[in-house]
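1. Pasting a predicted model and its sequence here:
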Amino acid sequence: DSVERVFSGIQPTGIPHLGNYLGAIESWVKLQEEYDTVLYSIVDFHSITIPQDPSVLQQSILDMTAVLLACGINPEKSILFQQSQVSEHTQLSWILTCMVRLPRLQHLHQWKAKAARQKHDGTVGLLTYPVLQAADILCYKSTHVPVGEDQVQHMELVQDLARSFNQKYGEFFPLPKSILTSMKKVKSLRDPSAKMSKSDPDKLATVGITDSPEEIVQKFRKAVTDFTSEVTYEPESRAGVSNMVAIHAAVSGLSVEEVVRSSAGMDTARYKLLVADAVIEKFAPIRSEIEKLKMDKDHLKKVLHVGSAKAKELAYPVFEQVKKLVGI
Ligand code: ADP
Ligand code: NA
């Protein structure tokens, strides 16, 4: 079967920021139009690889559902579901876990970085979560996976695991291809040499897509640029202003050249406020839609249930075949 299937996952914890939106969610919305079968999973199992408060987590799963719907993920066009509602993910993960050797996981950059950030040694779950990611993708025989650059190493693991399985049990899994989504890398507003990230301790550095207009203005006002009163796009030598230009272009749908041409002579302090306005305008309808959706928890739960049932329908026959191949 040569069907094309797109799979991607997002952790429910934390409201997405401008970088997540421009680097991931926006391309998810486009992919719905380009592929017949598109699966987007709220990967709650992944989020518990680091400690979570149960009641906060439960709310976050519904909040993320609201966010994705408001951003344009359409349950008629893609399967939006909760990972833990489809048991095939963890079952396939076990089979794959038995096929990967310890050093292969210990050498992954993210394991090293994330384990180093923990107070105690990292858990086995944190170590093996890329194997669960492989299962997430392979349990639908997915062919395409939109990912950021930070996930390229994990995608190599997914391909290795698919290849090992095929070698051992016969040609079964397609080797999934990455679709690189984060070409528009949004930088921190406070340190334009770093990417915008939700784990940034400086709250002024990261713009959440549900931030109020006042918060957005404040953050852009405090954005670090330089003392040259001119708008140009020179990412190497003027990272701060160039980040403003890139954000401005991305949220307004204009090209970088068009943005620079229309604002070239402008003082950077004024320009930052103009970009803030463009961001506010872009996210105003999304923000009000999120507020509306969050009021109807039953609706959000139903969306996840219906989506999870559809996902299950695809994963079940794949896993039945996997079990037969493995001899269990
Ligand atoms: P964070 O670094 O804030 O924890 P995640 O690792 O959860 O973000 O990233 C989720 C998705 O958003 C990934 O596809 C990632 O590449 C993309 N992404 C994250 N930060 C940025 C950014 N600053 N610019 C562009 N894309 C980003
Ligand atoms: Na990350």
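-> Here it is on my side, so go on. Residues are numbered from 1 along each chain as shown. Ligands and ions are numbered 1, 2, ... in the order given.
2. on contacts alone, who are the packing partners of the helix or strand where Val67 lies?
-> Assigned by DSSP states H and E, Val67 belongs to helix 54-71. Using 3 or more CB pairs under 8 Å, 6 or more residues apart in numbering; DSSP states H and E, the elements in contact with helix 54-71 are helix 26-34, strand 37-42, helix 44-47, strand 79-82, helix 268-294, helix 297-326. Where C-beta positions appear, they are placed from N, C-alpha and C, glycine not excepted.
3. mind running it again at 6 Å?
-> Judged by 3 or more CB pairs under 6 Å, 6 or more residues apart in numbering; DSSP states H and E, helix 54-71 is in contact with helix 268-294, helix 297-326.
4. now these as TSV including mean pLDDT, distance to Phe45 and mean neighbour count?
-> What follows is the helices and strands packed on helix 54-71, written out as TSV (pLDDT from 0 to 100; distance: least, CB to CB, whole Å; neighbours: other CB atoms under 10 Å):
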stretch	mean pLDDT	distance to Phe45	mean neighbour count
helix 268-294	97	23	17
helix 297-326	98	13	16
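5. In a markdown table, list these along with distance to Asp226.
-> Output for the helices and strands packed on helix 54-71, formatted as a markdown table (distance: least, CB to CB, whole Å):
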| stretch | distance to Asp226 |
| --- | --- |
| helix 268-294 | 7 |
| helix 297-326 | 44 |
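6. how about those helices, which one is nearest Met155?
-> Nearest to Met155, of all those, is helix 297-326, at 19.2 Å by CB to CB.
7. tell me how far the closest one is from the chain's mean position?
-> Averaging C-alpha positions (CA atoms, centre = their mean, to the nearest Å) puts helix 297-326 21 Å from its chain's average.
8. Same question for stretch 104-122.
-> On CA atoms, centre = their mean, the centre of stretch 104-122 falls 20 Å from that of its chain.
9. Can you give me the end-to-end span of that stretch?
-> By CA to CA, to the nearest Å, the extent of stretch 104-122 from end to end equals 16 Å.
10. Say whether ligand 1 is contacted by that stretch.
-> No - with CB under 6 Å from any ligand atom as the criterion, ligand 1 is not reached by stretch 104-122; the gap is at least 9.0 Å.
11. Give the residue farthest from the middle of this structure.
-> Most distant from the centre of the chain: Gly265, at 36.1 Å, with distances by CA atoms, centre = their mean.
12. excluding its backbone neighbours, what's nearest that one?
-> Closest residue in space to Gly265, ignoring its immediate chain neighbours: Glu230 at 7.0 Å, by CB to CB, 6 or more residues apart in numbering.
13. Up against ligand 1, what does this structure have?
-> Residues of the chain lying near ligand 1 by CB under 6 Å from any ligand atom: 19-20, 22-24, 147-148, 150, 181-182, 185-186, 195-199.
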